[in-house]
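what follows is a predicted structure for the sequence shown.
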Amino acid sequence: FSPAGDTAEKNTTVTDWEAYITRLQASKTPLEAEHLWLGIHPIDDFPVLLHRDILQEHAYIVGDSGSGKTALGVTPIVAQLIRQRHAAVVILDLKGDASLFQTTRAEAAAAGADFKFFTNELNRSTYIFNPFGLADSQHISLNQLCETFLEALSLNHGEGYGRSYFSRMARHWLAGALRKNPNLESFEQLYEYTRLKGAFQNAEERERVFELISVIESLATFEQLNLTPARAKNNAQAAEHAIVMPEVIREKQVVYFWLPAAVEAATVREIAKLALYSLMNAAYFFDRTNGDGISEVDSVDAPAQRAQTYLVIDEFQRIASGNFKIILEQARSMGIGAILANQTFADLVTPESDLRPTIESNTRLKLCFSATDLDQQDRIIKASGE
């Protein structure tokens with residue numbers, strides 16, 4: 001695995017890392033070509049390789065700002081996954097890392113993969129992403145659609161006295177609104193419906209679902225989230241190249257959601273979760289078809305080849321909730337391998353839940369670039385022995 005060779009001798013601009021992964025992925029041994037290059041052992045000088053199938057059981061990367069978590073952990077893995085053209089790659093960047101964005105775009109172009117990006121920032125170019133495309137699916141019921149939206153918008157408050165009441169009220173009203181208006185195609189249209197006289201039985205019902213209305217109103221303000229077929233007539237190119245999750249999976253596209261939480265923490269969290277649940281729904285139904293979204297479900301005797309997707313979430317604790325364990329378990333069964341990254345292990349303790357046991361038990365690969373909090377130091381010591 002020495003980088004020295006014909007390529008390195010003829011082109012002195014080739015870095016060691018570039019030479020290593022080029023030779024690895026060009027290997028005539030299929031098993032070798034399926035591996036990712038992580039680095040070299042600092043003492044014994046042997047290569048550290050990772051089989052990409054391990055990422056199907058999720059990975060966790062942790063490190064303080066400046067520790068190399070993104071540059072040495074996330075970016076090299078993303079770059080190699082894109083180069084292999086083995087699967088779709090979807091990135092939810094809740095920090096806004098320009099280097100990761102530009103590297104992802106460059107790698108996608110070099111690999112011949114379609115690259116699309118979405119942002120809610122003002123005066124920035126973006127592709128269209130309309131989560132209401134879920135409603136057009138023949139595979140999803142009204143109840144499933146409502147549940148998906150409530151989960152994505154953090155309006156499913158769980159069981160228990162009080163919490164479940166408001167969750168059920170929101171679900172009841174949303175189901176009724178979608179049932180009365182089956183042709184709704186965007187959050188903008190749904191918000192317009194909330195302003196009609198007959199949208200609520202009385203003022204009390206409106207008050208009970210005010211949180212839902214507030215979220216809908218916020219999402220309705222983004223044109224890039226609300227482009228409908230009718231409005232697309234004036235912007236056919238934007239509609240043609242919109243981010244559509246079944247297409248992302250089928251065509252192995254590379255999609256980047258640029259959503260720095262410092263801009264609008266609440267809104268970017270909701271958009272990121274809409275992207276997450278849209279991807280999971282697309283993967284769920286894709287896994288049960290022949291990959292075209294309209295075929296009959298495969299038989300047990302002759303299942304179709306599963307389409308793999310890699311989901312990268314930087315600062316993932318910003319969108320994680322108490323049901324994140326279920327999300328990780330379901331994602332694995334749907335062919336989605338999650339690569340989760342954040343700054344400290346202590347950040348996984350949120351006001352809503354403690355995600356540390358979930359990450360410990362549901363991630364096969366763990367990369368630690370720094371351990372500043374005592375809890376993580378203790379866990380590393382216990383895991384490593386003396």
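The structure has been received and is ready for your questions. Residues are numbered from 1 along each chain as shown.

rest of the way, CA atoms for contacts and neighbours
OK.

what about the residue lying closest to Leu274 once chain neighbours are set aside, neighbour count?
Using C-alpha to C-alpha, 6 or more residues apart in numbering and skipping the chain neighbours, the partner closest in space to Leu274 is Ala152 (5.2 Å). Counted with other C-alpha atoms under 10 Å, residues neighbouring Ala152 total 21.

where does Ala152 fall, phi/psi-wise?
Note on Ala152: backbone dihedrals following degrees, to the nearest 10 are phi -60, psi -30.

distance of it from Ala26?
To Ala26, Ala152 is 41 Å away according to C-alpha to C-alpha, to the nearest Å.

His86 too?
To Ala26, His86 is 14 Å away according to C-alpha to C-alpha.

try Leu92
Leu92 is 29 Å from Ala26, by C-alpha to C-alpha.

neighbour count: those two, which is higher?
Neighbours per residue (other C-alpha under 10 Å) separate Leu92 from Ala26, with Leu92 holding more: 25 against 12.

ok but that one is inside a strand, no?
Yes: if the criterion is DSSP: H, G, I helix; E, B strand; the rest coil, then Leu92 is within a strand.

all strands for the stretch 151-300 of the chain, in order.
Along the stretch 151-300 of the chain, counting by DSSP state E, counting those that start in this stretch, strands occupy 254-258.

how far is the strand or helix carrying Ile339 from where the chain is centred?
Here Ile339, judged by DSSP states H and E, is contained in strand 336-342. Centroid separation for strand 336-342 versus its chain: 8 Å, with C-alpha atoms, centre = their mean, to the nearest Å.

please work out the average pLDDT along it.
Mean pLDDT, computed over strand 336-342, is 95.

show me the helices in the stretch 101-250 of the chain, by range?
Along the stretch 101-250 of the chain, counting by DSSP state H, counting those that start in this stretch, helices occupy 142-152, 163-180, 187-194, 203-208, 210-220, 229-232, 236-240, 245-250.

identify the residues contacting the longest one?
Applying C-alpha atoms under 8 Å, 6 or more residues apart in numbering, the external contacts of helix 163-180 come out as 142-143, 146-147, 150, 155-158, 184, 199, 208-209, 212.

what's the PyMOL syntax to select whichever of those are buried?
A single PyMOL command is used to select the members of those judged buried by 16 or more other C-alpha atoms under 10 Å:
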select buried, resi 146+147+150+155+156+157+158+184+199+208+209+212
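
out of the contacts of helix 163-180, who's nearest Glu32?
Glu147 (42.5 Å; C-alpha to C-alpha).

contacting residues for the closest one?
Contact analysis of Glu147 by C-alpha under 8 Å, 6+ apart lists Asn156, Arg171.

now swap in Asp375 and tell me
Asp375 is in contact with Phe345, Ala346, counting by C-alpha under 8 Å, 6+ apart.

tell me the confidence at it?
Note on Asp375: pLDDT of 83.

same thing with Gly293?
With respect to pLDDT, Gly293 scores 42.

with Gln138 instead?
pLDDT for Gln138: 61.

got the phi and psi for the residue lying closest to Ala261 once chain neighbours are set aside?
The spatial neighbour of Ala261 that comes closest, neighbours along the chain excluded (C-alpha to C-alpha, 6+ apart), is Leu94 at 5.4 Å. Main-chain dihedrals, Leu94, degrees, to the nearest 10: phi -90, psi 10.
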